[in-house]
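Participant: build the 3D model from these lines:
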Amino acid sequence: MPDNVVTKQNKYRLSDRANRLSPSGIRRFFDLLASTEGVISLGVGEPDFTTPWHISEAAINSLEKGYTMYTSNSGTPELRQELSRNLKNNYGVEYNPTSELLITVGSSEALDLAARAIINPGDEVIIPDPCYVAYESCIIMAGGTAVKIPTYQEDNFEISASTIEKKITPKTRALLFGFPANPTGAVLSREKLAEIGELALSKNLLVISDEIYAKLVYGVKHICFSSLPGMKQNTILLGGFSKAYAMTGWRIGYSAAPAEITAAMTKIHQYTMMCASTMSQVAALEALKSGESHVKEMVDDYNRRRKVILRGFADIGINCFEPRGAFYVFPCITSTGMKSDEFAEALLKEEKVAVVPGSAFGECGEGYVRCCYATSMKNIVEALHRIKRFVNKHRREG
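Facilitator: Presented below is the predicted three-dimensional model:
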């Protein structure tokens, strides 16, 4: 019997929470991608830029000086102080660097810590659908239940206070969402975010706000959720360096939250990761101090690519929502008559273009695929050419 076959007998050796987790729909397509040569990938949500040299150099210098020991569980004081200044300068929200900031192993760890710190077994957490694949899984691993709010293209994939309120029950503990959003690139206005904040306050709900794409916006200004009136004490803000500074492999993120929540998250962090990589923290400090010009250059380039890929799908005749943040487009592929999984797999096999099926992000993602434009303009143009040929071959008549 193959090693990866789970029998009925050994299934019961696993926890109920582990059994409730579904394998990542994204990773399945990465495995297919790895076994296919000559593929243009629009699948991986990762910048194609290398980390700006001065950031890498700071880490190299730290190694040369022997800075290879553990840091404080919370992160180096210098990084937390600089992060505190950055949040105040950019968003007008003040965090105590000693008691309200925690440096984590990527924003993914911050999300996991936040969920485990506030969720009791049976608690409900409201999330949008579609959304980032880890949201529901982190809620499950913390013993909670994810309650999904359907979002639709005709509503710009937005959530609203009124739709959230309909899902609130006595078991509701928190809201979890991310804007700019993965996979849609949707953003929310200050007014709509403020309405959600007022609802959260009135219902005594915590809000986990995933703002990893905060610096990647086009023609709009990012609104930090915890900067809204009254929301700092009810918000767990998640962020990181992976997307904006092209530092995915450095695995460095953070949370900003009220002191008692940060203390609880830090306790869990102590027994799991202990601390983020010392060298990565040095790099993150340099990124905050002198990386903004590079961020602007990358965002300007992403915006050019965004416009090209939107025009490309329009030329193909594919309806595509215009993203205002992150680096994804979310075209609707129902005109082909295919399901999202079927479309993505056939496109990979026939035209060697990798995209992620929208169904990987929730039921409301069915009928869409996620395409990441954090790749070269040359790759985008060629991928669009191949997608057009594929769609013309498979488009339904009428």
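Participant: now do the strands in the stretch 201-350 of the chain.
Facilitator: Using DSSP state E, counting those that start in this stretch, the strands found in the stretch 201-350 of the chain span residues 206-210, 235-240, 253-256, 320-321, 328-331.
Participant: send the alpha carbons of the longest one over as PDB?
Facilitator: The C-alpha coordinates for strand 235-240 follow below in PDB (Å, rounded to 0.1, in the frame of the first residue of the first chain):
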ATOM      1  CA  THR A 235      -8.300  45.200  16.200                       C
ATOM      2  CA  ILE A 236      -5.500  42.700  15.600                       C
ATOM      3  CA  LEU A 237      -3.500  44.200  12.700                       C
ATOM      4  CA  LEU A 238      -1.400  41.800  10.700                       C
ATOM      5  CA  GLY A 239       1.300  42.900   8.300                       C
ATOM      6  CA  GLY A 240       4.700  41.900   6.900                       C
END
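Participant: list the neighbouring strands of that strand plus their orientation.
Facilitator: Sheet pairing for strand 235-240, assigned by DSSP bridges, gives strand 206-210 (parallel), strand 253-256 (antiparallel).
Participant: with the shortest one instead?
Facilitator: Next to strand 320-321 in the sheet, as set by DSSP bridges, lie strand 328-331 (antiparallel).
Participant: just how off-centre is the partner strand within its chain?
Facilitator: In this view, strand 328-331 has its centroid 14 Å away from the chain centroid, taken as C-alpha atoms, centre = their mean, to the nearest Å.
Participant: now swap in stretch 73-82 and tell me
Facilitator: Once both centres are worked out by C-alpha atoms, centre = their mean, stretch 73-82 turns out to sit 23 Å from its chain's centre.
Participant: can you start the count at 689 instead of 1 from here on
Facilitator: Shifting the count to begin at 689 puts that one at stretch 761-770.
Participant: end to end on that stretch, go ahead and measure it.
Facilitator: The first residue of stretch 761-770 is 17 Å away from its last residue (C-alpha to C-alpha, to the nearest Å).
Participant: just to revisit the earlier point, out of the strands paired with strand 923-928, which is the most enclosed?
Facilitator: For the strands paired with strand 923-928, the largest average neighbour count (mean count of other C-beta atoms under 10 Å) is found in strand 941-944, namely a mean of 27. Placement of C-beta: from N, CA and C, glycine included.
Participant: show residues contacting it.
Facilitator: Taking C-beta atoms under 8 Å, 6 or more residues apart in numbering as the criterion, the residues outside strand 941-944 that touch it are 763, 771, 775, 781, 783, 788-798, 801-802, 900, 914, 924-930, 950, 953, 964.
Participant: okay, residue 827 and residue 1010: tell me how far apart.
Facilitator: Distance, residue 827 to residue 1010, using C-beta to C-beta, to the nearest Å: 30 Å.
Participant: who has more neighbours out of those two?
Facilitator: Neighbour comparison, residue 827 and residue 1010: the larger count goes to residue 827, with 26 against 14 (by other C-beta atoms under 10 Å).
Participant: can you pull the pLDDT of that one?
Facilitator: Note on residue 827: pLDDT of 97.
Participant: how about residue 704?
Facilitator: Residue 704 carries a pLDDT value of 86.
Participant: what does residue 699 give?
Facilitator: For residue 699, the predicted pLDDT is 59.
Participant: same question for residue 726.
Facilitator: The score at residue 726 is 86. That number is its pLDDT.
Participant: name the nearest residue to it, sequence neighbours excluded.
Facilitator: For residue 726, the nearest residue in space outside its immediate sequence neighbours is residue 1040; the separation is 5.2 Å by C-beta to C-beta, 6 or more residues apart in numbering.
Participant: domain map for this protein?
Facilitator: According to the domain assignment given by automatic domain parsing, the chain is divided into the following structural domains: 696-738+981-1081, 755-978.
Participant: start to end distance for the longest one?
Facilitator: From its first residue to its last, domain 755-978 covers 21 Å (C-alpha to C-alpha).
Participant: do stretch 1023-1043 as well
Facilitator: 17 Å.
Participant: equivalent analysis for stretch 889-909, please.
Facilitator: 24 Å.
Participant: please apply the same query to stretch 827-837.
Facilitator: The separation between the terminal residues of stretch 827-837, taken as C-alpha to C-alpha, is 15 Å.
Participant: what comes up buried for that stretch?
Facilitator: When burial is assessed from 16 or more other C-beta atoms under 10 Å, stretch 827-837 yields the following buried residues: 827, 828, 829, 830, 832, 833, 834, 835, 836, 837.
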